[in-house]
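Give me coordinates for this.
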Amino acid sequence: MKKLNVLLLAVAFAISSVASAGTNPTKIENALNKEIKTLLKKPSFKIKKELTAYVTFTLNSKGEIVVLSVDSKSETLDGFIKSRLNYKKVGTQYGSEAKVFKMPVRIIEE
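The predicted structure follows:
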């Protein structure tokens, strides 16, 4: 009986920790998403198929995007994202603490 109580308590802790770790984006993250979408419009190369990448970046104290990595199969897309985003100033201020953002990017033919 004692083992059953301990097991139930462990399950309750696991469920509560998963439930409390919400992943809803904040207003700041939504604003950053819109600004990045604007910066990545109209690529300078021909798109034959949908291109995807995962961009890891942070914001420095000047409000500039610092691209840490681009995970993509296309070197062209990798260079395009880095050239368009790296050290571009954004209007969204996140705060003084450093936070790393990871955002999926999908480029499609318009």
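
Show the low-confidence segments of this structure, by residue range.
The chain contains residues with pLDDT under 70 at 1-26, 28, 92-97, 110.

Recalculate using a threshold of 90.
1-53, 58-65, 71-81, 84-110 (pLDDT under 90).

ranges for the strands of it?
For the chain, strands defined by DSSP state E occupy the ranges 51-59, 65-72, 100-107.

Turn these into a markdown table, including mean neighbour count and distance to Glu35.
Every residue, glycine included, has its C-beta placed from N, CA and C. Below are those laid out as a markdown table (neighbours: other C-beta atoms under 10 Å; distance: least, C-beta to C-beta, whole Å):
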| stretch | mean neighbour count | distance to Glu35 |
| --- | --- | --- |
| strand 51-59 | 18 | 11 |
| strand 65-72 | 17 | 9 |
| strand 100-107 | 14 | 11 |
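
list the buried ones in stretch 69-88?
In terms of neighbour count (16 or more other C-beta atoms under 10 Å), stretch 69-88 has its buried residues at 70, 72, 74, 77-78, 80-81, 84-85.

What is the end-to-end distance of that stretch?
Terminal residues of stretch 69-88 lie 15 Å apart, using C-alpha to C-alpha, to the nearest Å.

And stretch 37-47, by the same measure?
Terminal-residue distance, stretch 37-47 (C-alpha to C-alpha): 17 Å.

List of residues touching that stretch?
Contact with stretch 37-47 is made by 76, 80-81, 84-85, 88, 105, 107-110, as judged by C-beta atoms under 8 Å, 6 or more residues apart in numbering.

Now the two most distant members of the buried residues of stretch 69-88.
Greatest spatial distance among these (C-beta to C-beta): Ser74 and Leu85, at 15.6 Å.

Neighbours of Ser44, how many?
Neighbour count of Ser44, defined by other C-beta atoms under 10 Å: 8.

separation between it and Tyr87?
18 Å (C-beta to C-beta, to the nearest Å).

same deal with Ile65?
Using C-beta to C-beta, we find Ile65 at a distance of 7 Å from Tyr87.

Then Asn60?
Asn60 sits 8 Å away from Tyr87, going by C-beta to C-beta.

if I look at the two, which residues touch both of them?
Joint contacts of Asn60 and Tyr87 (C-beta under 8 Å, 6+ apart) are Val66.
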